[in-house]
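S.K.: Quick check, what structure comes out for this input:
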Amino acid sequence: MKDLVKIIQQESYNYRDPITELVECLYVNFDFDGVQIMLGKCDQVLANDFFLAGFHDEFIENARLFSFETFCRIHQCITIKMIAEKLNMTNDEAEKWIVDLIRNARLDAKIDSKLGHVVFGAQAISPYQQIIEKTKNLTMRANAISISIDKKIKSVETVGNWQKTTSITE
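M.R.: Coordinates of the predicted model:
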């Protein structure tokens, strides 16, 4: 996802559509009001796009989930009404959706029905996950360095062989 965000940032002056703007609002600007607007525009685009229409429901669901997860990382307690507004849902739909997330173990939270709040638990990243994230590109970078060193050695050997042949012919 980090690579996608970088590419969208770099190419935002060149290409824009509601889907890329949604990603930019969510992961670059953290503009949740913009996400809400873009989610509505994406809904229209996906409904009218021949190639993407089959992924309409899945896209909207995952966009809501990513938006919600990002919002939860920033806030510890949110009202269900606010969640419903941010995700273009009714209060009842939002509450059912959050209950399903909690049931499926995709969310560490508790619902306070009296106050209409969702209280989130601590989301600590495991040391195992931290190590995986930090070493993800290590193999690729090590391979690139190895290839670079091999090229340097071959170029030095080629220059050395050329000097030997010129000294022999003199």
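
S.K.: Report the beta-bridge partner residues of Thr79.
M.R.: His117 (DSSP bridges).

S.K.: got a pLDDT number for Glu170?
M.R.: pLDDT for Glu170: 55.

S.K.: Could you do Val156 as well?
M.R.: 81.

S.K.: Over to Gly121?
M.R.: 71.

S.K.: give the contact list for it.
M.R.: 108-110 (CB atoms under 8 Å, 6 or more residues apart in numbering). The C-beta positions use only the backbone N, C-alpha and C, and glycine is treated the same way.

S.K.: and if you look at Ile80?
M.R.: So Ile80 contacts 91, 94-95, 98, 111, 116-118 (CB under 8 Å, 6+ apart).

S.K.: Now Leu26. Nearest residue, chain neighbours left out?
M.R.: Val35 (5.2 Å; CB to CB, 6 or more residues apart in numbering).

S.K.: other SSEs contacting the host helix or strand of that neighbour?
M.R.: Per DSSP states H and E, Val35 falls inside helix 32-48. On a contact count with 3 or more CB pairs under 8 Å, 6 or more residues apart in numbering; DSSP states H and E, helix 32-48 meets helix 18-24, helix 56-74, helix 80-86.

S.K.: Buried residues, that helix. List them.
M.R.: By neighbour count on 16 or more other CB atoms under 10 Å, the buried set for helix 32-48 is 32, 35-39, 42-43, 45-46.

S.K.: Using TSV, lay out the helices and strands packed on helix 32-48 together with distance to Val5 and mean pLDDT.
M.R.: Shown next, in TSV, are the helices and strands packed on helix 32-48 (distance: least, CB to CB, whole Å; pLDDT from 0 to 100):
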stretch	distance to Val5	mean pLDDT
helix 18-24	7	89
helix 56-74	11	83
helix 80-86	20	83
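
S.K.: Cool, thanks, signing off.
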